[in-house]
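Enquirer: build me a structure from this.
(chains A and B)
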Amino acid sequence: MTLLSLDMLLVLEKLVLIVIIVFASLGIALYTTFAERKVAAILQDRPGPERAGPFGLFQPLADGLKLIMKEEIIPNSSNKALFILGPGLAMTAALMTCAVIPWGSTVHLFGREINLQIADINIGILYVFGVVSLGVYGIMIGGWASNNKFSLMAALRGASQAISYELAMGIALIALLMTTNTLSLREIVVQQMAPGHLWNIAYQPLGFLLFFICAMAECNRTPFDLPEAENELNFGYHQEYSSMKLGFYLFSEYINMIMSSAIMASLYFGGFDIPFFDEKVLPQNIAALVGVGALLIKIVIFIFIFMWIRWTIPRFRYDQLMNLGWKSLIPLALANMLATGAWILYFG
Amino acid sequence: MSTTEILFFFLSALALFSASMVLISKNPVHSVLWLVVTFFAISGHYILLNAQFLAIVNIIVYAGAIMVLFLFVIMLMNLNQQNEPQKNLWMKLAGVISGGCFLMVLVSLVRQSLDLKSKVAMTTSGDIGLIKNLGRVLFNDYVVPFEITSVLFLSAMVGAIVMGKKD
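Expert: Coordinates of the predicted model:
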């Protein structure tokens, strides 16, 4: 069955995969908001949301319903088209990353080998960078279109922060790519699964630390949430937003968190690899499902660490943020890259 | 029409439309955003030619970094259509005519150049644009120009820091 020289079955397979992954990410993000409130409550020694449903499990649904039902307000003096475009862009950029993440190995279904990855492109990790660098447009456009001084200030802060930390992130990543020799995320994961090969964290501990800090800054998480510092900027770049547009901005932060956790797990912690276990002894489909489970567990651990840090460390001052990015992280990343290069040259 | 042709015409129309919107838009912020759309359309063309690395670097560097800085400056200086200098009609007309003549000369030059005669673009087949081959060419055949370019960037960076430190 081909149309326009495309294999329609392949298109259908990919569409189903996209729908599953996007809705799964949205579902996980929904419950990440709940987990955030619970973790905050535990760290601050209070019960947290517990009224809606058993253990407060329906709380995110109630929150979502509240956001949807609220009145949609578009300020009169705002730039209307861009005001609507902003949250949409933030959400799109957050979700686009999931296309290159290898969620699992291959599944054998209906006589087809289905790769649990939407697109295995040979520039996978660069694609992630491209999408991440577009994420800042959501913040900038939203902040500018609101026609509010505080929003604009927050948008400018967000953009300069994102650009500063992208640099250190990229250089930290180059050191990793020098050891893996490939940019395809699936190949990086498969390399780590090979017997005798440790996870990349063992070869690039400093690189991972830098990448983790920068990922936190790119997600605008505390201690890097300068764009929404409420004591200085009221509410940050989404000050004028209400209803589901505000929901999109808040939600895209959680999706970004899930995607960066998935990327860190794939790059440094073996992706869908199960530690100390050979997947080949299991039947193919079960091995793939267990692999997806392993990746999800790694993602959950990373999300917990994100939250733990958020509710432990206070926010940086703006000059501290810039000093950390430019004067500590970038020189460290450069030193790490040089050391890796020298190591490859003499021992590789 | 094959899929490649449909994509080609769609991307070309998008590139032309967004490029003219860059010029037509009164608001500088809109111009920058249309320019970002143009970069995306051009990246799409690169992908059709199987130059994936070029496509993604075009997005990361131009759409992701340089245009953000443009937007940054425009927003910071709060430029909008009121304080944009208005040129008189004759000036605009003269600009359009001379620009059009220049374009005609350029197009005819490219069309007649011997290097391009009877050559067809390789869509979705050639692998010269893949990152491995590109890296090999850059670091074997063009290593001196490549390094000189990086020295140029370094000197620009040093210059920017010197100018920033002056006050």
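Enquirer: going forward, measure contacts between C-alpha atoms and count neighbours the same way
Expert: OK.
Enquirer: would you list every one of the helices in chain B?
Expert: B:3-24, B:28-48, B:52-57, B:67-77, B:89-112, B:131-140, B:143-165 (DSSP state H).
Enquirer: how about CSV for the ones you listed, with mean neighbour count added?
Expert: Listed next are those as CSV, based on neighbours: other CA atoms under 10 Å in any protein chain shown:
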stretch, mean neighbour count
helix B:3-24, 16
helix B:28-48, 21
helix B:52-57, 22
helix B:67-77, 17
helix B:89-112, 11
helix B:131-140, 13
helix B:143-165, 11
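Enquirer: which residue ranges of chain A form helices?
Expert: In chain A, the segments counted as helices under DSSP H are A:8-43, A:59-69, A:80-96, A:124-145, A:149-180, A:185-193, A:200-203, A:205-218, A:230-233, A:243-268, A:284-310, A:318-323, A:330-347.
Enquirer: and these, which one is worst for confidence?
Expert: If you rank these by mean pLDDT, helix A:230-233 sits at the bottom with a mean of 70.
Enquirer: hmm, A:Thr182 is touching A:Ile188, no?
Expert: Yes - applying CA atoms under 8 Å, one finds A:Thr182 in contact with A:Ile188, separated by 6.9 Å.
Enquirer: comparing these two, which shows the higher neighbour count?
Expert: Using other CA atoms under 10 Å in any protein chain shown as the criterion, A:Thr182 and A:Ile188 rank with A:Ile188 on top: 25 against 19.
Enquirer: tell me the spacing between the more buried one and B:Leu134.
Expert: Counting by CA to CA, to the nearest Å, the separation of A:Ile188 from B:Leu134 is 20 Å.
Enquirer: can you count the residues close to the residue in the stretch 151-300 of chain A positioned nearest to chain B?
Expert: Going by CA to the nearest CA, chain B is nearest to A:Leu156 of the stretch 151-300 of chain A, at 6.5 Å. Number of residues near A:Leu156 (other CA under 10 Å) recorded here: 26.
Enquirer: is it correct that it is in contact with B:Phe72?
Expert: Yes - the pair formed by A:Leu156 and B:Phe72 meets the contact definition of CA under 8 Å, at 6.5 Å.
Enquirer: quick one: contacts for the closest residue in space to A:Leu289 that isn't next to it in sequence?
Expert: Spatial nearest neighbour of A:Leu289, excluding adjacent residues (CA to CA, 6 or more residues apart in numbering or on different chains): A:Gly104 at 7.3 Å. Residues in contact with A:Gly104, defined by CA atoms under 8 Å, 6 or more residues apart in numbering or on different chains, are A:Asn115, A:Leu116, A:Gln117, A:Phe272, A:Ala288, A:Leu289, A:Gly291, A:Val292, A:Leu295.
Enquirer: of those residues, just the buried ones, PyMOL syntax please.
Expert: Entered in PyMOL, the line below selects the buried ones among the contacts of A:Gly104, by 16 or more other CA atoms under 10 Å in any protein chain shown:
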select buried, chain A and resi 115+116+117+272+288+289+291+292+295
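Enquirer: of all the residues in the stretch 201-348 of chain A, which one is nearest chain B?
Expert: A:Trp326 (12.8 Å).
Enquirer: circling back to that earlier point, which of the helices of chain A is buried the deepest?
Expert: Mean neighbour count (mean count of other CA atoms under 10 Å in any protein chain shown) peaks for helix A:124-145 among the helices of chain A, with a mean of 25.
Enquirer: check which helices and strands it sits against.
Expert: Counting contacts by 3 or more CA pairs under 8 Å, 6 or more residues apart in numbering or on different chains; DSSP states H and E, helix A:124-145 is packed against helix A:80-96, helix A:149-180, helix B:52-57.
Enquirer: what helices and strands are in contact with the longest one?
Expert: Other helices and strands packing on helix A:149-180, by 3+ CA pairs under 8 Å, 6+ apart, are helix A:124-145, helix A:205-218, helix A:230-233, helix A:330-347, helix B:67-77.
Enquirer: mind putting those helices into CSV with distance to A:Leu152?
Expert: As requested, the helices and strands packed on helix A:149-180 are exported to CSV (distance: least, CA to CA, whole Å):
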stretch, distance to A:Leu152
helix A:124-145, 5
helix A:205-218, 18
helix A:230-233, 10
helix A:330-347, 27
helix B:67-77, 8
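Enquirer: contact partners of stretch A:52-65?
Expert: By CA under 8 Å, 6+ apart, the residues outside stretch A:52-65 that reach it are A:Leu30, A:Tyr31, A:Thr33, A:Phe34, A:Pro49, A:Glu50, A:Arg51, A:Gly247.
Enquirer: mind doing that once more with 10 Å?
Expert: The set of residues external to stretch A:52-65 that reach it, using CA atoms under 10 Å, 6 or more residues apart in numbering or on different chains, is A:29-35, A:37-38, A:47-51, A:66-68, A:243-244, A:247, A:251.
Enquirer: does stretch A:339-348 reach chain B?
Expert: No - judged by CA under 10 Å from any CA of the partner chain, stretch A:339-348 and chain B are separated, with a smallest distance of 15.8 Å.
Enquirer: now B:Asn50: how far from chain A?
Expert: 11 Å (CA to the nearest CA, to the nearest Å).
Enquirer: show me how chain B divides into domains.
Expert: B:3-129, B:130-167 (automatic domain parsing).
Enquirer: export these as TSV, with columns for mean pLDDT.
Expert: Formatted as TSV, these follow (pLDDT from 0 to 100):
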stretch	mean pLDDT
domain B:3-129	83
domain B:130-167	87
